[in-house]
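>>> This is a predicted model, with the sequence first.
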Amino acid sequence: MSYRSLIIIGLLSVSGALGACGDDGGDGADAADTSVLDPGDVSFQDLIAGDTTAPQDTLQPVDTLQADTVQPQDTVQPQDTVQPQDTVQPQDTVQPQDTVQPQDTVQPQDTVQPQDTVQPQDTVQPQDTVQPQDTTEPEDTVQPQDTTEPEDTVQPQDTTEPEDTVVTGCPGGTTSAGATIALDGVDDLAKYGVGQIVEPAAWLGDADAYGITWDADYLYLTLRSTAFTSPFLPLHVYVEADVTLPTAAPSTGKEYGGLAPTLPFAATHVIAVRQQSDAGDGLTYDGVYTPGLDWTVRVTDLAHHEDVWVAADNGAISVRVPWTALDCPSALRLTAHVVNGAAGNEWKDFLPTTATPWAEGGGGYYEIDLTADPAIENWATP
């Protein structure tokens, strides 16, 4: 049965119902004829307007459940939103000329191709992200000259060059080449040339002797003496170090054990070492001191087995001092002694033999040209 037949049957049913309900004030003849709606009777639209629950109202095709919503030409027309060619047709959102070109993000050669992220001019070309010349070409990220070339980060002159962290020599050289001594505490005095060995005055043993020399980096000094069988008798070597020496003027040396020597010149440094540097209090003694605060300022530490060596029998002590610790001099005044501390023998093994650390003026001293040959016979004794 067609929709049109259904509509007619529905209208006839409504007519019967309306006839049973009466009229709206028309002539009385209408009451006898219940199958026809005459003008002036209760119309179909009037009834449904006043009776929203009439069954024929909500199901009528002309109302809100009109069969129109499923008509082919309405919202389910194939060409509208359900057509396969609409949302999944290539020409809509997957059209090759758009932004999701198959070869762009779906093609295997696209997202894994190397030149995608490297080539500036094309971000989705197949040849982009896998091309060797893009991200794997040596000249891009692994060129030797970039991060691994020796001249960049591992050049010897950058972080490991001796002049960076272990500078011992003076720029341009301030002394003669002299002679290098390999001190180690084993028969050190025998390592000096004959011209670099001299006997002291007021020796403690008849074999006592000094050895003194230098090279471009260090001053070397060894004293063989029985003094060092005592752990705390120190060797003090006073120097006035400069490029050009001023006129000598007497001064006072470092106090030790209540004794302070008189020096024949204004010393700029004292090299102080003893057999036992640490007295057990955690404080070390060995080092290079300057006259500030009564010679209590130690400017350079001297470590045993690195800068200081004591013979196995404690019969000698050797010390190596970098010229940088003495401010790179070209000339020195020098006197040395052991602080013995015994009454009447306060200073022993003093050098030169004319030194008098207990007397006014301090006595004699050596005056040394460091640019000349280091042989002691060439040193002046004013």
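Everything's here; your move. Residues are numbered from 1 along each chain as shown.

>>> per-domain residue ranges of the protein.
3-70, 188-378 (automatic domain parsing).

>>> Below-threshold pLDDT in the chain: ranges please.
Across the chain, residues meeting the criterion (pLDDT under 70) sit at 1-168.

>>> mind redoing it with 90?
Within the chain, the stretches with pLDDT under 90 are 1-173.

>>> So which residues of it form helices?
Assignment of helices within the chain using DSSP state H yields the ranges 3-21, 29-32, 44-50, 55-58, 84-87, 108-111, 115-118, 132-135, 156-159, 162-165, 292-295.

>>> Report the buried residues of stretch 265-281.
Within stretch 265-281, the residues that count as buried by 16 or more other CB atoms under 10 Å are 265-277. (C-beta placed from N, C-alpha, C; glycine too.)

>>> what about it, start to end distance?
End-to-end span of stretch 265-281 (CA to CA, to the nearest Å): 34 Å.

>>> max-length strand in this structure?
When the chain is parsed with DSSP state E, its longest strand is strand 331-342.

>>> by contact count, what packs against that one?
Counting contacts by 3 or more CB pairs under 8 Å, 6 or more residues apart in numbering; DSSP states H and E, strand 331-342 packs against strand 218-224, strand 235-242, strand 345-351, strand 366-369.

>>> Check these for me and report the most buried one.
strand 218-224 (a mean of 26; mean count of other CB atoms under 10 Å).

>>> elements contacting that strand?
Using 3+ CB pairs under 8 Å, 6+ apart: strand 218-224 touches strand 209-214, strand 316-322, strand 331-342.

>>> want to throw those strands into JSON lines with distance to Ala375 and mean neighbour count?
Compiled in JSON lines, these are given as follows (distance: least, CB to CB, whole Å; neighbours: other CB atoms under 10 Å):
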{"stretch": "strand 209-214", "distance to Ala375": "9", "mean neighbour count": "22"}
{"stretch": "strand 316-322", "distance to Ala375": "19", "mean neighbour count": "24"}
{"stretch": "strand 331-342", "distance to Ala375": "14", "mean neighbour count": "22"}
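
>>> With distance to Gly364 as added columns, please give those strands in CSV.
Shown next, in CSV, are the helices and strands packed on strand 218-224 (distance: least, CB to CB, whole Å):
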stretch, distance to Gly364
strand 209-214, 15
strand 316-322, 22
strand 331-342, 8
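
>>> Any idea which of those gets closest to Lys254?
Shortest distance between Lys254 and those, using CB to CB, is found for strand 331-342: 8.8 Å.

>>> what lines up beside that closest one in the sheet?
Next to strand 331-342 in the sheet, as set by DSSP bridges, lie strand 235-242 (antiparallel), strand 345-351 (antiparallel), strand 366-369 (antiparallel).

>>> Redo those strands as CSV? Include distance to Pro329.
As requested, the strands paired with strand 331-342 are exported to CSV (distance: least, CB to CB, whole Å):
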stretch, distance to Pro329
strand 235-242, 4
strand 345-351, 19
strand 366-369, 9
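
>>> who wins for proximity to Thr222 among those strands?
The nearest among the strands paired with strand 331-342, by CB to CB, is strand 235-242 at 9.8 Å.

>>> Return the alpha-carbon coordinates of that closest one using PDB.
Taking Å, rounded to 0.1, in the frame of the first residue of the first chain, the C-alpha atoms of strand 235-242 are listed here in PDB:
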ATOM      1  CA  LEU A 235     118.600  23.500  56.700                       C
ATOM      2  CA  HIS A 236     117.900  27.200  55.900                       C
ATOM      3  CA  VAL A 237     119.200  28.600  52.600                       C
ATOM      4  CA  TYR A 238     118.700  32.400  52.300                       C
ATOM      5  CA  VAL A 239     118.700  34.100  48.900                       C
ATOM      6  CA  GLU A 240     118.300  37.600  47.600                       C
ATOM      7  CA  ALA A 241     116.800  36.900  44.100                       C
ATOM      8  CA  ASP A 242     116.500  39.500  41.400                       C
END
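
>>> ok and that strand relative to strand 218-224, angle-wise?
Going by axes from the mean of the first three to the mean of the last three CA atoms, to 10 degrees, strand 235-242 is angled at 150 degrees with respect to strand 218-224.

>>> Give me the distance between the spatially closest residue to Asp208 that is not a sequence neighbour and Asn314.
With sequence-adjacent residues excluded and distances taken as CB to CB, 6 or more residues apart in numbering, Asp208 is closest to Ser225, at 4.6 Å. For Ser225, the distance to Asn314 equals 10 Å [CB to CB, to the nearest Å].

>>> okay, these two: which has more neighbours?
Ser225 (23 against 16; other CB atoms under 10 Å).

>>> mind listing what the more buried one touches?
By CB atoms under 8 Å, 6 or more residues apart in numbering, Ser225 lies in contact with 200, 203-205, 208, 315-317, 338, 348-349.

>>> neighbours around Met255, how many?
Slight slip there: residue 255 is Glu, not Met. 13.

>>> residue contacts, the closest residue to Val243 other than its chain neighbours?
Spatial nearest neighbour of Val243, excluding adjacent residues (CB to CB, 6+ apart): Ser330 at 4.8 Å. Taking CB under 8 Å, 6+ apart, we find Ser330 in contact with 174-175, 242-244, 369-371.

>>> follow-up on the earlier one: for Asp187, find the nearest of the helices and strands packed on strand 218-224.
Asp187 lies closest to strand 316-322 among the helices and strands packed on strand 218-224, at 8.4 Å (CB to CB).

>>> how many degrees apart are that closest one and strand 209-214 in direction?
Angle between the axes of strand 316-322 and strand 209-214 is 20 degrees (criterion: the same axes, to 10 degrees).

>>> Neighbouring strands - and their directions - for strand 316-322?
Assessed with DSSP bridges, strand 316-322 is paired to strand 218-224 (antiparallel), strand 308-310 (antiparallel).

>>> among those, which is nearest Gly364?
Gly364 lies closest to strand 218-224 among the strands paired with strand 316-322, at 18.0 Å (CB to CB).

>>> Extract the CA atoms of that closest one and return them as CSV.
Extracted C-alpha coordinates of strand 218-224, given in CSV (Å, rounded to 0.1, in the frame of the first residue of the first chain):
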residue,chain,number,x,y,z
TYR,A,218,115.6,24.5,38.9
LEU,A,219,118.1,25.4,41.6
TYR,A,220,119.6,22.2,43.0
LEU,A,221,121.1,21.9,46.5
THR,A,222,122.4,19.0,48.6
LEU,A,223,123.9,19.1,52.1
ARG,A,224,125.6,16.0,53.5
